[in-house]
Every structure is written in structure tokens, then in C-alpha cells.
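> Fold the following, please.
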Amino acid sequence: MIKNKKTLVLGATTKPERYAFKAVNMLVDKGHSVLALGQNAGEVAGIKIQTKAIPLKNIDTVTLYLNPTRQRDYYNYIVEANPKRVIFNPGTENPEFYQLLKLNDIKVEVACTLVLLATNQY
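Residues are numbered from 1 along each chain as shown. Model (predicted):
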């Protein structure tokens, strides 16, 4: 039995060719609770994409699909949510943010959410 890990997908999109879209689908398929935050409203796999920061409670994982410049707007939001870990998917690597997260005892994982899910390492 896979443990449900409540996950925020930051940078969610309704574009099927994007990795954030694939991640939402795969997380839902694997039985995880998903919250989605993106630039444009929409829906993926039955999950509504929010366009404004929503209150976060009991978040296990934040998986990032935003470039480092766009991440800055969310530093405090993510730190205050106090997730167990933040996954930096390829292209989102951000040493500045790693330091802030580590100072707040939040695990930094530089990995691909899709690979972690596909190999049962999520």
C-alpha cells in the first residue's frame, strides 16, 4: 500500500505536453491527494488548478515546475506551508532556494517527480 502524500504541484497547467500536466495525472493515478497552483485556471485529472495562493495544511511534498526566477514569489508561501520536502524537477534547480529550505528543516530533492512515481520511489 502506497502512503498518500498530499502534494502541491506548483506550475500546474492544462497543456498535455507539459510535465506539470503529466505529474498531476500520475499523482492522481497513484492515489495521492493533489493541489494544483498555476498561472491559468483549468482542470487536470479532476483537480482544479488554482490561480491564487491557497491555504496549505499537512502538505507532504511541493513539486516545482517553475523556473528559479518565478519561484521567488513563492519562497515564503512554501516555507510557511512547512512541507516535508520540495522536489526541484529538471530546469527548476535553485541553490538560493535550497539554502532557505534547509534553514527551515525542509528536505530538498533535486529529482524528477515522474521518474520517482514511475519507479515507486515517491
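
> So which bits of the longest helix seen in the chain are buried?
Using DSSP state H, we find that the single longest helix of the chain is helix 19-29. Neighbour-count burial for helix 19-29 flags 19-28 (criterion: 16 or more other CB atoms under 10 Å). Yep, even glycine has a C-beta here, placed from its N, CA and C like the rest.

> how about those residues in TSV, adding pLDDT and distance to Lys57?
TSV is the format used below for the buried residues of helix 19-29 (pLDDT from 0 to 100; distance: CB to CB, whole Å):
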residue	pLDDT	distance to Lys57
Tyr19	98	26
Ala20	98	22
Phe21	98	25
Lys22	98	26
Ala23	98	21
Val24	98	19
Asn25	98	24
Met26	98	23
Leu27	98	18
Val28	97	19
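
> Return the closest of those residues with respect to Leu66.
Nearest to Leu66 among the buried residues of helix 19-29: Ala20, at 9.0 Å, using CB to CB.

> so where does Leu101 fall, helix or strand?
Applying DSSP states H and E as the criterion places Leu101 in helix 95-103.

> Give the next helix or strand downstream of that helix.
Counting by DSSP H and E, the next helix or strand C-terminal to helix 95-103 is strand 107-110.

> Give the pairing partners of that following strand; include direction for each.
Applying DSSP bridges, strand 107-110 is found paired with strand 85-88 (parallel).

> Not counting the strand it pairs with itself, show me its contacts.
Strand 85-88 has contacts (CB atoms under 8 Å, 6 or more residues apart in numbering) with 60-64, 78, 94, 97-98, 101, 106-111, 113, 116.

> Taking the residues you listed, please make a ChimeraX selection of just the buried ones.
Buried subset of these, written as a ChimeraX selection, criterion 16+ other CB under 10 Å:
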select :60,61,62,63,64,78,94,97,101,106,108,111,113,116
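
> Neighbouring strands - and their directions - for the very next helix or strand once past the longest helix of the chain?
Past helix 19-29, further along toward the C-terminus, the next helix or strand under DSSP H and E is strand 34-37. Paired neighbours of strand 34-37 in the sheet (DSSP bridges): strand 7-10 (parallel), strand 47-50 (parallel).

> Quick one: mean pLDDT over strand 34-37.
For strand 34-37, mean pLDDT is 98.
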